[in-house]
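# Let's see this in three dimensions:
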Amino acid sequence: MPLALRQHAAYCGLLGELGARVIMVDVNREYPDGVFVEDTALVLDEVAVMARPGADSRRGEPAGIEPVLAAFRPVQRIEAPGTLDGGDVVVTGKRILVGASARTNADGARLLQDIVRPFGYRVDRVGLRDCLHLKSACCALPDGRLFVNPAWLETGALSDFALVESPPQEPFGADFATVGGTIIVSETNPRTAVSLLSLDFAVRSTPLSEFEKAEGGVSCLSIIFPALT
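Residues are numbered from 1 along each chain as shown. Model prediction:
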């Protein structure tokens, strides 16, 4: 536990160093997966969409996060029978990709489309295999390309995107977070860092080995969104 706390503090410190305003939320301590806050919501410029996690054990987590996000965006919610985990959602421009995972069902994707359609977004489902969430296998690069592990997702649904494949030796390398123009990767994925540097992106790494034991990645520990003026 002390190592996990140190790694989490280093992660938050790096977010702040890169210019993010970091808000620590002391809620959901009774939920063993509560640290993976990304799964509770999707925040767009126009709206915050509170998720409805697919695992029963996590179903109560969004209620603890909603009051914080409500200070920044109007809030809408995914309701039953829909399920949706934030880790299954990748946004690039006006496209929203939603993983067809065990945690996010077709109703959840449909309800998300209903919520975001008035703002001009299009939702597309992406088939997965051998991973928990879409962001385990796919994240959007700052230039709009997708960085993907093709072994874990059905790339046919991504035919209109330019794809960059992650190093096969690092299957979780496609899970990263971006603050401004800087990509944050896990220290356990050095080949991924080299690959992203070769594409002329700014890259920083952070230790997350304790969270990776629970299949947590770089994106899982935060909800990153731009402040609106």
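# State the distance from residue 156 to residue 163.
Residue 156 sits 11 Å away from residue 163, going by C-beta to C-beta, to the nearest Å. (Glycine included, C-beta is placed from N, CA and C.)
# Quick one: the helices in the chain, in order.
Counting by DSSP state H, one finds helices in the chain at the ranges 2-17, 61-69, 106-116, 190-198, 209-212.
# closest one to residue 78 among these?
Of all the helices of the chain, it is helix 106-116 that lies closest to residue 78, at 5.2 Å by C-beta to C-beta.
# tell me what that closest one is packed against?
strand 48-50, strand 95-100, strand 122-127 (3 or more C-beta pairs under 8 Å, 6 or more residues apart in numbering; DSSP states H and E).
# Can I get it in CSV? Just the C-alpha atoms.
Extracted in CSV, the C-alpha atoms of helix 106-116 (Å, rounded to 0.1, in the frame of the first residue of the first chain):
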residue,chain,number,x,y,z
ALA,A,106,-25.3,-1.8,-26.3
ASP,A,107,-27.9,0.1,-24.3
GLY,A,108,-25.1,2.1,-22.6
ALA,A,109,-23.7,3.1,-26.0
ARG,A,110,-27.1,3.9,-27.3
LEU,A,111,-28.0,6.1,-24.3
LEU,A,112,-24.6,7.9,-24.7
GLN,A,113,-25.4,8.6,-28.3
ASP,A,114,-28.8,10.0,-27.3
ILE,A,115,-27.1,12.3,-24.8
VAL,A,116,-24.4,13.6,-27.1
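# Low-confidence regions, this structure specifically.
Counting by pLDDT under 70, the chain shows low-confidence ranges at 229.
# Switch the helices of the chain over to JSON lines; also include distance to residue 131 and mean neighbour count.
Formatted as JSON lines, the helices of the chain follow (distance: least, C-beta to C-beta, whole Å; neighbours: other C-beta atoms under 10 Å):
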{"stretch": "helix 2-17", "distance to residue 131": "21", "mean neighbour count": "14"}
{"stretch": "helix 61-69", "distance to residue 131": "21", "mean neighbour count": "18"}
{"stretch": "helix 106-116", "distance to residue 131": "17", "mean neighbour count": "19"}
{"stretch": "helix 190-198", "distance to residue 131": "16", "mean neighbour count": "17"}
{"stretch": "helix 209-212", "distance to residue 131": "13", "mean neighbour count": "17"}
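# Tabulate these (CSV), appending distance to residue 218.
Shown next, in CSV, are the helices of the chain (distance: least, C-beta to C-beta, whole Å):
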stretch, distance to residue 218
helix 2-17, 8
helix 61-69, 19
helix 106-116, 23
helix 190-198, 10
helix 209-212, 9
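# Now do the same contact list for residue 136.
87, 149, 152, 172, 174, 175, 215, 217 (C-beta atoms under 8 Å, 6 or more residues apart in numbering).
# mind redoing it with 6 Å?
residue 175 (C-beta atoms under 6 Å, 6 or more residues apart in numbering).
# Then residue 94?
Residue 94 makes contacts with 120, 121, as judged by C-beta under 6 Å, 6+ apart.
# re the thing from before, more neighbours: residue 156 and residue 163, which one.
A count of neighbours by other C-beta atoms under 10 Å puts residue 163 above the other of residue 156 and residue 163, at 14 against 8.
# before we move on, the earlier item: of the helices of the chain, give the one that comes closest to residue 97.
Residue 97 lies closest to helix 106-116 among the helices of the chain, at 9.8 Å (C-beta to C-beta).
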